[in-house]
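[1] Test case, fold it:
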Amino acid sequence: MEFKGSILIKLVVLLQCVLTLQLCASQDFDFFYFVQQWPGSYCDTQQSCCYPTTGKPDADFGIHGLWPNYNDGSYPSNCDSSNPFQQSQVSDLISTMQKEWPTLACPSGNGIQFWTHEWDKHGTCSESILNQHDYFAAALNLKQKANLLQALTSAGINPDGGSYSLSSIKSAISGSVGFTPFIECNSDSSGNSQLYQVYLCVDTNASAFIDCPVFPNSKCGSNIEFPSF
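    The predicted structure is shown next:
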């Protein structure tokens, strides 16, 4: 009975996709991970770190992606290779993307290489709901809503190389955003655990934060460094 029910649900979804001319394969995900990266820990641990040609980014969390995910924690990859990234579709967002979505990985160029990777690997997996412009615009809007650095500094957690408890970092973000984040850490050359990336879960419309259905595996210690940048 459960098997028949699942088939029925899939048939209903398929019919909805057909009626709205959507790409069903692209729509096959349960939520988004919105991932933001702290540049200080990246530069501390990556030999390939360099600044974009537009200059050193602000000491703020940068966007690392809006990733469609399944409830089991896996995510679709390279969903539509026939729809490549086109800079012309995000021309009005370029200056904001260079500030808020910088890549520190060489060759950084002007960001196009990284944004192309993001669209190919993650954006095309949600293209039945978000076109290229909407995908990047939604991520920029979510970054503004989260305002992670403000949430942390307001709680006395500053990027000063000091050590802070993992629980206090989570509490500061959840108290500001309203939802519990997942914190990912890097380890520097001395083995110190550093605040690296923050994951927040987002609904399938990429418009609002939600409780995370599943969290990735954590590699953070109970106390982590918030490196300067």
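
[2] Toward the C-terminus, what is the element adjacent to the biggest strand by length in the chain?
    Secondary structure of the chain per DSSP state E: the longest strand is strand 193-202. Using DSSP states H and E, the helix or strand that follows strand 193-202 towards the C-terminus is strand 209-210.

[3] Geometric centre of this protein: which residue is closest?
    Centroid-nearest residue in the chain: residue 35, 2.3 Å away (criterion: Cα atoms, centre = their mean).

[4] where's the helix or strand hosting that one relative to the chain centroid, distance-wise?
    Using DSSP H and E, the element containing residue 35 is strand 31-37. Relative to its chain's centre, strand 31-37 lies at 3 Å (Cα atoms, centre = their mean, to the nearest Å).

[5] which neighbours does it have in its sheet, and in what orientation?
    Using DSSP bridges, strand 31-37 pairs in its sheet with strand 62-69 (antiparallel), strand 193-202 (antiparallel).

[6] Could you export those as a markdown table, including mean neighbour count and mean pLDDT?
    In this view, the C-beta of every residue, glycine as well, is placed from N, C-alpha and C. A markdown table is the format used below for those (neighbours: other Cβ atoms under 10 Å; pLDDT from 0 to 100):
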| stretch | mean neighbour count | mean pLDDT |
| --- | --- | --- |
| strand 62-69 | 23 | 95 |
| strand 193-202 | 23 | 96 |
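
[7] Would you enumerate the residues in contact with residue 84?
    Shown in contact with residue 84 (Cβ atoms under 8 Å, 6 or more residues apart in numbering): 116, 119, 120.

[8] brain fart, residue 177
    Residues in contact with residue 177 (Cβ under 8 Å, 6+ apart) are 145, 146, 151, 200, 209.
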